[in-house]
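>>> What shape does this take:
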Amino acid sequence: MHGDRPVRASDDTVLDVERLAYLARSAEVRSMIDPMTWPAWKKWGLALAFWTVLALSYAASAVISSRAEGHPAEWSRALIWTFSDFYLWMLMTPLVAWLGRVGGSGGWGRFFAVHLPASLIVAVAQVLVTLSLYWWLSGPSPSMKDMTFGDFVRKSFVYDAHLGWITYWVFLVALRSIDSQRRLRDERLRNSHLETQLVQSQLQTLRVQLQPHFLFNTLNAISALALADPMQARLMISRLSDFLRLTLEERHAQQVPLSRELEFLECYLGIQQVRFQDRLVTQMDVAGDTMRALVPNMILQPLVENALRHGLLDKPERGTLHIVTRRDGDELHVQVDDDGLGLPPEGAKDGIGLGNTRTRLEMLFGGLATLELSRRANGGTRVEMRFPYREQAA
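The predicted model follows:
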């Protein structure tokens, strides 16, 4: 589909690629030492080791403190209490983390509406289970052999429940901090991938458009027009210059306003118009309320090129290219139609352009973006994109 001869990129672009390659290698090294990137069994192993060391240290502290005050202390009872207490908190980690995500998805009202009752319920449940396990495993203290389980609960409940309530909030803050760090890391990683994809897309655009036959055909068309229609020839030179300039500009922007994207597309279509002459009719149906919408940089050109190359190029009569943008609630809807030869009988297959576009949409918007290629009822092909609507800041 595309030529194989390389095109010389700018020095800045080459430096970008080298820098991103370095970042990718650095990210790979960081993933080996960052616990948040470990598999689940490693994370649980680390958690088990942490709570075990914590339980042993608290048990040792309790025994040493009792003996320093002249009270008898048994290692077995201290270990049963601390391991029952801390291991139960370890098992409740997913519950507290889930409550943190539920309460953190809204404002402060939702936060306190979730966590005030949840902290009381979790603390009471944790204390009752811990006291039950301790009583079942070790029984009453040798100095209080006549104590019943009810007496034991009444004696210990208030203090331990209050401590459990404080532990819940400390635990919640720690888990939310870890989750925020994870989301920040994921965002940085996503931005790194997007920057890599953007540079690759720019280089791919150069490879697609600056092929020798593309330049040859464009320069031939300009040469022919130089005598027949000098004004048109000058216009074509201007459009080619604008196309080259816009291809290399905005190389660090992951998203640009739709108005800027259409400016780039018009330069590309202006060049293609010379190739197709009167066999190409372009219709732009761009809603006014979408001009400030942010779109992935250089996202339309591969779709239009796909329509021209595979739909309209081999059509003997005049063909029409129809580009539509609409805002649909919280989504931006972009549609590229052609009345060309349509999809092959075996169905659509993503080439480099469509595959690259689909990957960039996935990395930018995840499951919130769609790209669909389909046959039009009256002939030709339709490409539809939907992704979240976001405006450029004023």
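>>> OK, contacts around Phe111?
For Phe111, the contact set (Cβ atoms under 8 Å, 6 or more residues apart in numbering) comprises Gly103, Gly104. Heads up, the C-betas are built off the backbone N, CA and C, glycines and all.
>>> before we move on, which element is it in?
helix 108-138 (DSSP states H and E).
>>> and what of Val63?
Using DSSP H and E, the element containing Val63 is helix 40-68.
>>> what mean pLDDT does that helix have?
For helix 40-68, the per-residue pLDDT values average out at 80.
>>> mind checking the SS state of the residue lying farthest from the centre of the chain?
The centre of the chain is farthest from one residue, Asp146, which by Cα atoms, centre = their mean lies 61.5 Å away. Here Asp146 is recorded as coil under DSSP: H, G, I helix; E, B strand; the rest coil.
>>> Isn't Leu308 up against Asp314?
No. Between Leu308 and Asp314 there is no contact under Cβ atoms under 8 Å: 10.5 Å.
>>> domain assignment for the protein?
29-189, 277-394 (automatic domain parsing).
>>> could you dump the ones you listed to CSV with distance to Arg245?
Putting these into CSV (distance: least, Cβ to Cβ, whole Å) gives the following:
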stretch, distance to Arg245
domain 29-189, 31
domain 277-394, 13
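>>> ok so, going back, tell me which of Leu308 and Asp314 has more neighbours.
Leu308 (20 against 10; other Cβ atoms under 10 Å).
>>> which residues does that one contact?
Leu308 is in contact with Gln272, Phe276, Leu280, Leu321, Asp338, counting by Cβ under 8 Å, 6+ apart.
>>> Ok, Pro296 next?
So Pro296 contacts Gln254, Gln255, Arg360, Leu361, Leu364 (Cβ under 8 Å, 6+ apart).
>>> Mind pulling up the pLDDT for the nearest residue to the second one once chain neighbours are set aside?
The reference is to Gln255. Of all residues not flanking Gln255 in the chain, Leu294 sits nearest, at 4.1 Å (Cβ to Cβ, 6 or more residues apart in numbering). Each residue has a pLDDT score; the one for Leu294 is 93.
>>> go on, Gly100?
85.
>>> That one against Asp179, yeah?
Yes. Gly100 is in contact with Asp179 according to Cβ under 8 Å; the separation is 6.7 Å.
>>> For those two, indicate the residue with more neighbours.
Neighbours were counted for Gly100 and for Asp179 using other Cβ under 10 Å; Gly100 has more, 23 against 15.
>>> Now that one: which helix or strand?
Applying DSSP H and E, one finds Gly100 within helix 93-103.
>>> What of Gln335?
Counting by DSSP H and E, Gln335 is found in strand 331-338.
>>> and if you look at Asp285?
strand 280-286.
>>> Would you map the strands across this structure?
In the chain, the strands defined using DSSP state E lie at 255-257, 280-286, 294-296, 319-328, 331-338, 370-375, 381-388.
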